[in-house]
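Take this sequence and fold it.
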Amino acid sequence: MANTMNAQCQSCRYFDTHKAAQSTGHSGDEGLCRFNPPVTQPGPQEHGLWPVVSASDWCGHYSPEMMAGE
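This is a model prediction of the structure:
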């Protein structure tokens with residue numbers, strides 16, 4: 001079992017720190033989780049949203065192959 005320091009979102013290749021993620025009014029360590037597709041919205045005219053996660057969050061999808069790098 002991986003420890004939560006290795007499994008943090010900031011270490012994941014699917015963690016997106018793009019500036020657009022920061023324009024949502026959240027604090028500085030958030031980013032977008034690009035592992036799964038965007039979450040749909042209730043209205044047909046609404047855009048799907050990528051989940052906003054903290055750099056220190058972690059999830060059950062962690063594996064060494066998903067580590068950032070390369």
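
Please make it C-alpha for all contacts and neighbour counts, starting now.
OK.

can you pull the contacts of Pro37?
Trp50 (Cα atoms under 8 Å, 6 or more residues apart in numbering).

Give me the average confidence score over stretch 61-70.
The average pLDDT within stretch 61-70 is 69.

Could I get the buried residue list for stretch 28-42?
Across stretch 28-42, burial judged by 16 or more other Cα atoms under 10 Å covers 30-33.

what about Glu65, which SS state?
Secondary structure assignment for Glu65 (DSSP: H, G, I helix; E, B strand; the rest coil): helix.

residue boundaries of the helices in this protein?
In the chain, the helices defined using DSSP state H lie at 19-22.

where does it dip in pLDDT?
Across the chain, the ranges flagged by pLDDT under 70 are 1-5, 19-27, 66, 68-70.

try it again with 90
Low-confidence segments of the chain (pLDDT under 90): 1-7, 11-13, 17-30, 36-37, 39-52, 59-70.

Show me what the most centrally placed residue in it bridges to in the sheet.
When Cα atoms, centre = their mean is applied to the chain, the residue found nearest the centroid is Cys33 (2.1 Å). Cys33 has these beta-bridge partners by DSSP bridges: Phe15.

doesn't Thr17 make contact with it?
No - using Cα atoms under 8 Å, Cys33 makes no contact with Thr17, being 9.2 Å away.

Leaving out the residues flanking it, which one is nearest to Cys59?
Ala7 (7.3 Å; Cα to Cα, 6 or more residues apart in numbering).

what residues are up against Asp29?
Neighbours of Asp29 in contact, by Cα under 8 Å, 6+ apart: 54-55.

Could you check how far it is from Gln8?
Taking Cα to Cα, to the nearest Å as the measure, Asp29 falls 12 Å from Gln8.
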